[in-house]
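Asks: Here is a sequence together with a model predicted from it:
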Amino acid sequence: LDAEVAGTWRTRLDLARAVVARFAERRIAEGDRVGLVVFGETAFTLCPLSGDGRLLAAALARVTPGMAGSATAVGDALALAVKRAQPQAGKAAAAGPVAGRLVVLLTDGRSNAGAIPPDIAAGLARARGVRVHTVGVGSVGEVAMESGAAGGARGLRFERHDLDDATLGAIAAATGGRFFAAQSSADLDAVYAAIDAQERVPRRAPPRRDRTAPPEPFLAGAM
């Protein structure tokens, strides 16, 4: 359990899921597409880039503790997210960071699994014009985590977290992004609000329509 919200203790995953959902809703409302990559020992795409908020919300609801394993494959996750953030077919990749094309890498542990080192994945992001903002949640020490028990009952277990601020900071710096440190999931609202404000992309307003009804050609001719 990570924080008390409205008199109720919430797990770290519950809070992170709620904050990510609000962030995604704002981005989709602005016309962006948002995807979701989940990682642990492995990394996989739970939701591809989409402008459908309901599809993303359904994907977030399926995220459960340990669904990708208990380790932290940061490099694999970042490389996969960069691949998913590539421009549509027919559009060339940019040489530098592109406004609005970004990955938010959220983790509470040190990279200790996977085939791709984090610095290699960061180099791939830089080469593909993808800016990466990194968010490290928690600090070194024992954290109370929710766990399943026999018969479907829920319990608590204490798990040691060893956050690597240096690696997360280096990933962000290499790609033109920012590193954010959150002591708890309750701090994530402010972090994601800062990212949302920084990544606003000016969009051309849709053309105004002339609501004056054009005359029918035959009536105009008759007159």
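Replies: Looks like it came in fine.
Asks: Report the buried residues of the helix ranked longest in the chain.
Replies: If you go by DSSP state H, the chain has its longest helix at helix 12-29. Of the residues in helix 12-29, 12-21, 23-24, 27-28 count as buried by neighbour count, 16 or more other C-beta atoms under 10 Å. From N, CA and C alone the C-beta is placed, and that goes for glycine too.
Asks: which secondary structure elements does that helix contact?
Replies: Judged by 3 or more C-beta pairs under 8 Å, 6 or more residues apart in numbering; DSSP states H and E, helix 12-29 is in contact with strand 34-39, helix 53-61, strand 102-107, strand 141-148, helix 188-198.
Asks: want to throw these into a markdown table with mean neighbour count, mean pLDDT and distance to Thr134?
Replies: As requested, the helices and strands packed on helix 12-29 are exported to a markdown table (neighbours: other C-beta atoms under 10 Å; pLDDT from 0 to 100; distance: least, C-beta to C-beta, whole Å):
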| stretch | mean neighbour count | mean pLDDT | distance to Thr134 |
| --- | --- | --- | --- |
| strand 34-39 | 22 | 96 | 13 |
| helix 53-61 | 15 | 93 | 20 |
| strand 102-107 | 23 | 94 | 5 |
| strand 141-148 | 14 | 54 | 19 |
| helix 188-198 | 16 | 90 | 10 |
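Asks: Now tabulate the ones you listed in a markdown table and tack on distance to Leu124.
Replies: Formatted as a markdown table, these follow (distance: least, C-beta to C-beta, whole Å):
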| stretch | distance to Leu124 |
| --- | --- |
| strand 34-39 | 14 |
| helix 53-61 | 24 |
| strand 102-107 | 11 |
| strand 141-148 | 31 |
| helix 188-198 | 21 |
